[in-house]
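S.K.: model the structure of this input:
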Amino acid sequence: WSGYMYNETRCQLHFWGSMIFFNLPFFPMHFLGLAGMPRRFADSPQQFADFTQVASIGALGFCLLQLYFFFFVVLLSYRGGDKAADKPWAGAEGLEWTVPSPAPFHTLEEPPHVH
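M.R.: Residues are numbered from 1 along each chain as shown. Take a look at the predicted model:
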């Protein structure tokens, strides 16, 4: 979408960090529900404080990783870097790979011929 390649190491860091920090808030909530914690309470009982603290830290980590993605992946790939080839990935087949990168405005003004 920008005509430049993204940093794959940073993208993998964002993916795996998001997988961990996304599950960190929600996984303890299953145990909290099984332990009898009611839903939608502004102040949880003290016996559930440890699990709710882990869930809050996980939500904060997930939020920070999305900011990391925006500033260190999206903005850097938009500002420049390695120029993206027309077909940067092996095995990429289909109509969208027939146009240059970034795709020009009004790319397919006439219906393309598909085999």
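S.K.: quick check: which element contains the residue nearest the centre of the chain?
M.R.: By C-alpha atoms, centre = their mean, the chain has its centre lying nearest to Phe15, at 6.2 Å. For Phe15, the host element (DSSP states H and E) is helix 8-34.
S.K.: average pLDDT for that helix?
M.R.: Mean pLDDT, computed over helix 8-34, is 92.
S.K.: quick one: least confident helix or strand in the protein?
M.R.: Lowest by mean pLDDT, DSSP states H and E among the helices and strands of the chain is helix 75-79, with a mean of 80.
S.K.: in that helix, what counts as buried?
M.R.: Neighbour counts over helix 75-79 (16 or more other C-beta atoms under 10 Å) mark Ser77 as buried. Any C-beta I mention is one placed from the backbone N, CA and C, and that applies to glycine too.
S.K.: chain center to it, what's the gap?
M.R.: Distance of helix 75-79 from its chain centroid, counting by C-alpha atoms, centre = their mean, to the nearest Å, is 16 Å.
S.K.: which residues does it contact?
M.R.: Contacts to helix 75-79, defined as C-beta atoms under 8 Å, 6 or more residues apart in numbering, come from residues 2, 4-7, 10.
S.K.: export those to TSV and tack on distance to Ser77 and neighbour count?
M.R.: As requested, these are arranged in TSV below (distance: C-beta to C-beta, whole Å; neighbours: other C-beta atoms under 10 Å):
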residue	distance to Ser77	neighbour count
Ser2	6	16
Tyr4	5	16
Met5	7	14
Tyr6	4	18
Asn7	7	15
Arg10	9	15
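S.K.: returning to what we had before: please identify the buried residues of the helix holding Phe15?
M.R.: Neighbour-count burial for helix 8-34 [16+ other C-beta under 10 Å]: 13-14, 17-18, 21, 24-25, 28-29, 32.
S.K.: before we move on, what about stretch 42-49?
M.R.: Buried residues in stretch 42-49, counted by 16+ other C-beta under 10 Å: Phe48.
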